[in-house]
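*Asks:* sequence unknown, structure follows:
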């Protein structure tokens with residue numbers, strides 16, 4: 001199963017304020033009062049006035065993102081970060097292979113990253129996306145890491161996140177569906193289980 005992510009994540013009120021007048025901004029609700037802004041070519045063009053640029057080679061530590069963060073786009077994220085921490089996250093996986101990368105802006109400057117990882121052989125807390133979410137202020141909970149705790153496993157690609165946002169779904173919506181399904185599968189006298197792991201990001 002594949003997974004692809006290209007998004008800005010920050011406090012939901014911060015992103016609402018910064019994107020209120022944009023035609024191509026769709027906010028998808030996460031847990032803990034965070035929101036995810038899928039980064040599409042249309043959004044980049046609306047934000048910067050130019051079409052996005054993409055790296056030609058495979059992402060690496062030297063070029064961690066497929067999306068080239070142009071000076072105009074980086075300046076925009078820097079400006080947003082004066083209201084609170086803002087992260088840009090990328091991930092791409094297929095058949096268990098892939099990469100993830102992240103960067104965080106705070107107080108009008110790049111405060112962490114970009115950080116890139118293809119091996120993901122370090123503790124989960126050190127994986128780029130988890131490390132970035134921690135810097136946003138994500139809190140630990142019952143899920144296995146910050147990625148799952150905020151609900152970043154709930155959609156598999158940009159189209160899914162756009163639909164999630166346009167339908168006004170909460171991150172808990174999918175948990176409720178899983179619980180309902182498990183209740184239907186259980187005998188009446190059985191206690192329904194919590195949702196199981198989703199890919200590599202499930203409940204601990």
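*Replies:* Cool, got the structure. Because the structure is predicted, anything quoted here is derived from the model rather than measured. Residues are numbered from 1 along each chain as shown.
*Asks:* now residue 172, nearest residue through space, not along the chain?
*Replies:* Distance criterion CB to CB, 6 or more residues apart in numbering; nearest residue to residue 172, sequence neighbours excluded, is residue 31 at 7.3 Å. Every C-beta, even on glycine, is put in place using the N, C-alpha and C of the backbone.
*Asks:* Isn't that neighbour up against residue 146?
*Replies:* No: at 10.0 Å, residue 31 does not count as touching residue 146 under the criterion of CB atoms under 8 Å.
*Asks:* Which of those two has more residues huddled nearby?
*Replies:* Remark: of residue 31 and residue 146, residue 146 carries more neighbours, 25 against 20, as counted by other CB atoms under 10 Å.
*Asks:* which regions of this protein sit below the pLDDT cut-off?
*Replies:* 173-204 (pLDDT under 70).
*Asks:* can you pull out the helices in it?
*Replies:* Under the criterion DSSP state H, the chain contains helices at 12-19, 41-48, 71-80, 128-136, 146-150, 158-166, 172-185.
*Asks:* What helices and strands are in contact with the fourth one?
*Replies:* What that stands for is helix 128-136. For helix 128-136, the elements it packs on are strand 3-11, strand 86-94, strand 97-106, strand 109-117, helix 146-150, judged by 3 or more CB pairs under 8 Å, 6 or more residues apart in numbering; DSSP states H and E.
*Asks:* what about the last one, distance to the chain center?
*Replies:* It stands for helix 146-150. How far helix 146-150 lies from its chain's middle: 9 Å, per CA atoms, centre = their mean, to the nearest Å.
*Asks:* Other residues contacting that helix?
*Replies:* Identification of contacts with helix 146-150 by CB atoms under 8 Å, 6 or more residues apart in numbering yields 9, 30-32, 34, 125, 127, 129-130, 133-134, 138-143, 153, 171, 198, 201-203.
*Asks:* Please name the bridge partners of residue 102.
*Replies:* residue 89, residue 115 (DSSP bridges).
*Asks:* residue contacts, it?
*Replies:* By CB under 8 Å, 6+ apart, the residues touching residue 102 are 87-90, 113-115, 128-129, 131-132.
*Asks:* so how far is the first residue of stretch 41-61 from its last?
*Replies:* Terminal residues of stretch 41-61 are spaced 23 Å apart (CA to CA, to the nearest Å).
*Asks:* The nearest residue to residue 63 once chain neighbours are set aside - how many residues pack around it?
*Replies:* Excluding its sequence neighbours, the residue lying closest to residue 63 (CB to CB, 6+ apart) is residue 55, at 5.0 Å. For residue 55, the count of nearby residues is 14 (other CB under 10 Å).
*Asks:* for residue 81, same thing?
*Replies:* Residue 81 has 21 nearby residues by other CB under 10 Å.
*Asks:* Then the one 10 residues further on?
*Replies:* In terms of burial, residue 91 registers 20 neighbours under the definition other CB under 10 Å.
*Asks:* wait, it sits on residue 9?
*Replies:* No: Residue 91 lies out of contact with residue 9 (CB under 8 Å); the separation is 11.8 Å.
*Asks:* No further questions, thank you.
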